[in-house]
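Chemist: Structure for the following, please:
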Amino acid sequence: METNPNEEPVPAVPEDDYNDSGTPSFDYVRDRIENRFATATGATELAEGTPEGASLDQQLADRDQAAKEKLAQIRRSMRGE
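Modeler: Reported below is the predicted structural model:
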């Protein structure tokens, strides 16, 4: 940290990432978002490649199918069928 004449600590600002007022640059923010997206995408791809991930996908599909069937049953009962 740098210090000013009043001996108050002034945080160092990374070059090109922030302006003098502490606002991040567009490129910095875009890079952070792209990195988070890439990490999330990679984690999803890895999870899908494992037996646990496949089992979870099957459980989700089974639950979705059961929900659709229950909704259809409720609609039929409301129509008086």
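Chemist: and the top helix by length along the chain, how far from the chain's centre?
Modeler: Counting by DSSP state H, the longest helix found in the chain is helix 51-79. Distance of helix 51-79 from the chain centroid (C-alpha atoms, centre = their mean, to the nearest Å) equals 25 Å.
Chemist: Tell me, please, the helix or strand in the protein that averages the lowest pLDDT.
Modeler: The weakest-scoring helix or strand in the chain, judged by mean pLDDT, DSSP states H and E, is strand 2-3 (a mean of 52).
Chemist: Sketch out the low-pLDDT regions of the protein for me.
Modeler: Counting by pLDDT under 70, the chain contains low-confidence residues at 1-15.
Chemist: Spatially central residue for it, please.
Modeler: Among the residues of the chain, the one closest to the centroid is residue 40, at 6.4 Å (C-alpha atoms, centre = their mean).
Chemist: quick one: contacts for that one?
Modeler: Contacts for residue 40 (C-beta atoms under 8 Å, 6 or more residues apart in numbering) come out as none. From N, CA and C alone the C-beta is placed, and that goes for glycine too.
Chemist: what does the domain assignment say about the chain?
Modeler: Segmentation of the chain into domains, based on automatic domain parsing, reads 1-48, 51-81.
Chemist: Give the burial count for residue 31, as a bare number.
Modeler: Residue 31 has 13 neighbouring residues, counting by other C-beta atoms under 10 Å.
Chemist: That one: which element?
Modeler: Secondary structure assigned from DSSP states H and E places residue 31 in helix 26-48.
Chemist: Need the CA coordinates for that helix. PDB is fine.
Modeler: Output of helix 26-48 as PDB, limited to C-alpha atoms (Å, rounded to 0.1, in the frame of the first residue of the first chain):
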ATOM      1  CA  PHE A  26     -15.200  -3.100 -19.000                       C
ATOM      2  CA  ASP A  27     -12.400  -5.600 -20.100                       C
ATOM      3  CA  TYR A  28     -11.700  -6.600 -16.500                       C
ATOM      4  CA  VAL A  29     -15.400  -7.200 -15.800                       C
ATOM      5  CA  ARG A  30     -15.900  -9.100 -19.100                       C
ATOM      6  CA  ASP A  31     -12.900 -11.300 -18.300                       C
ATOM      7  CA  ARG A  32     -14.200 -12.100 -14.800                       C
ATOM      8  CA  ILE A  33     -17.600 -13.100 -16.200                       C
ATOM      9  CA  GLU A  34     -16.100 -15.200 -19.000                       C
ATOM     10  CA  ASN A  35     -13.900 -17.000 -16.500                       C
ATOM     11  CA  ARG A  36     -16.800 -17.700 -14.200                       C
ATOM     12  CA  PHE A  37     -18.900 -19.000 -17.100                       C
ATOM     13  CA  ALA A  38     -16.000 -21.200 -18.300                       C
ATOM     14  CA  THR A  39     -15.600 -22.600 -14.800                       C
ATOM     15  CA  ALA A  40     -19.300 -23.400 -14.500                       C
ATOM     16  CA  THR A  41     -19.400 -24.900 -17.900                       C
ATOM     17  CA  GLY A  42     -16.400 -27.100 -17.200                       C
ATOM     18  CA  ALA A  43     -17.800 -28.200 -13.800                       C
ATOM     19  CA  THR A  44     -21.100 -29.200 -15.500                       C
ATOM     20  CA  GLU A  45     -19.300 -31.200 -18.200                       C
ATOM     21  CA  LEU A  46     -17.200 -33.000 -15.600                       C
ATOM     22  CA  ALA A  47     -20.200 -33.700 -13.400                       C
ATOM     23  CA  GLU A  48     -22.200 -35.200 -16.400                       C
END
